[in-house]
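Q: Return a 3D structure for these sequence lines:
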Amino acid sequence: MKKILFPTDFSEVANNAFVHALEFAKMVHGELVLLHSFELPIYDNQFFPENYAAIYDSVELSEFEMFKNEIPKLRAIAESHHLDKIKMSHRLKDGDLVSAIKESIADDAIDCLVIGTSGATGWESFFIGTNASSIITDAGIPVYCVPSDAPFQKIDTIGFTTRFRPKDKKALQTVLQLAHKAKAKVKCLYVKTSNSDVSNATIAEWKEEFKSEPIDFYIIEDDDVQVIITDFIMYKEVDILIMLPYKRGFFEGLFHTSLTKKLATDFEIPILSIPINE
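A: Okay, here's the model as predicted:
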């Protein structure tokens, strides 16, 4: 996760997420690519035959000036947290947020996306839109989602939810790499529902395979997955929850559930989505 994309609208929500992005970059020895996107207004040029181009030039210039003025403020935030040594580059793109993110992921060979999850200027719509959910499930990179009121705190305990599928192991290896860098403990949760198809032998095999790693496994039998996860976060003092988006629409649904509302309001912890191919 060497190159981390951080989209920003320069709001307080984004500035809070920026601190998380800086700390994450420090932990993985990575660099930040700061992205700001804007959409040009749509005009019917029959009503503006002479100054049609000038209108767009004016909008682009004002966005550029705002972007140029805001970057030093971000650098000041980095300095105040003693994170000004993190390498940062900047991108200003014309277009909607989703398209700008997709383009940046491809153009800059991005390894991870960090973004705030609520705000007055479109962050919530980013997550509930159908195009946005496709980014999270199809982009092929981890997505680090920071609730608006979540202050950064040192990561001592990483929560990881699994279904004990073979492809989950690759994601768990990534989780353990992060745990080693953060010197953190991983607490792995499986909520065994009444229709579970995971055998005790599979669970035992995982425990044996990862017995030398800083990880504890918790198998809880219950059909209310959301309640168990929220209780797990609270009682195990989880600092960041890592989840796997198994299917399209997972995050679209997740951001409408009581689970996410609790994460954002009660626990105020980030969620890291690590993609897997099914």
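Q: C-alpha from now on. contacts and neighbour counts both.
A: Will do.
Q: which phi and psi does the residue positioned nearest the centre of the chain have?
A: By C-alpha atoms, centre = their mean, the mean C-alpha position of the chain lies nearest to residue 144, the distance being 1.8 Å. Dihedral pair for residue 144: phi -100, psi 110, per degrees, to the nearest 10.
Q: isn't it right next to residue 111, touching?
A: No - applying C-alpha atoms under 8 Å, one finds residue 144 not in contact with residue 111, separated by 11.2 Å.
Q: ok, now which ones touch the residue nearest to the centre of the chain?
A: The contact partners of residue 144, by C-alpha atoms under 8 Å, 6 or more residues apart in numbering, come to 112, 113, 114, 115, 270, 271, 272, 273.
Q: Quick check: the third one vs residue 217, distance?
A: According to C-alpha to C-alpha, to the nearest Å, residue 114 stands 27 Å off from residue 217.
Q: hang on, isn't residue 152 packed against residue 19?
A: Yes - counting by C-alpha under 8 Å, residue 152 does reach residue 19; the two are 6.9 Å apart.
Q: Surely residue 178 is within a helix?
A: Yes - using DSSP: H, G, I helix; E, B strand; the rest coil, the assignment for residue 178 is a helix.
Q: Can you check the pLDDT for the residue nearest to it when sequence neighbours are not counted?
A: Closest residue in space to residue 178, ignoring its immediate chain neighbours: residue 28 at 7.5 Å, by C-alpha to C-alpha, 6 or more residues apart in numbering. If you check residue 28, the pLDDT there is 92.
Q: Now do the helices in the stretch 51-200 of the chain.
A: 52-80, 97-107, 123-128, 130-138, 168-182, 200-209 (DSSP state H, counting those that start in this stretch).
Q: Of the ones you listed, which shows the lowest average pLDDT?
A: Among the helices of the stretch 51-200 of the chain, helix 123-128 scores lowest, with a mean of 46.
Q: so residue 13, which of the three states?
A: Applying three-state DSSP: residue 13 is helix.
Q: count of residues packed around it?
A: Using other C-alpha atoms under 10 Å, residue 13 has 23 neighbouring residues.
Q: Count the neighbours of the nearest residue to it once chain neighbours are set aside for me.
A: Distances taken as C-alpha to C-alpha, 6+ apart place residue 148 nearest to residue 13, at 5.1 Å, with adjacent residues excluded. For residue 148, the neighbour count with other C-alpha under 10 Å is 22.
Q: how close does residue 148 get to residue 269?
A: Residue 148 sits 10 Å away from residue 269, taking C-alpha to C-alpha as the criterion.
Q: any idea where the strands of the stretch 151-278 of the chain begin and end?
A: For the stretch 151-278 of the chain, the strands defined by DSSP state E, counting those that start in this stretch cover 157-161, 185-192, 215-221, 240-243, 271-273.
Q: how about CSV for the ones you listed, with distance to residue 97 added?
A: Output for the strands of the stretch 151-278 of the chain, formatted as CSV (distance: least, C-alpha to C-alpha, whole Å):
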stretch, distance to residue 97
strand 157-161, 29
strand 185-192, 33
strand 215-221, 37
strand 240-243, 24
strand 271-273, 19
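Q: Beta-bridge partners for residue 32, please?
A: Bridge pairing for residue 32 (DSSP bridges) gives the partners residue 4, residue 88.
Q: Any stretches of the stretch 151-278 of the chain with poor pLDDT?
A: Scanning the stretch 151-278 of the chain for pLDDT under 70 picks out the ranges 246-267, 277-278.
Q: Kindly recompute the last result at 50.
A: Scanning the stretch 151-278 of the chain for pLDDT under 50 picks out 248-261, 264.
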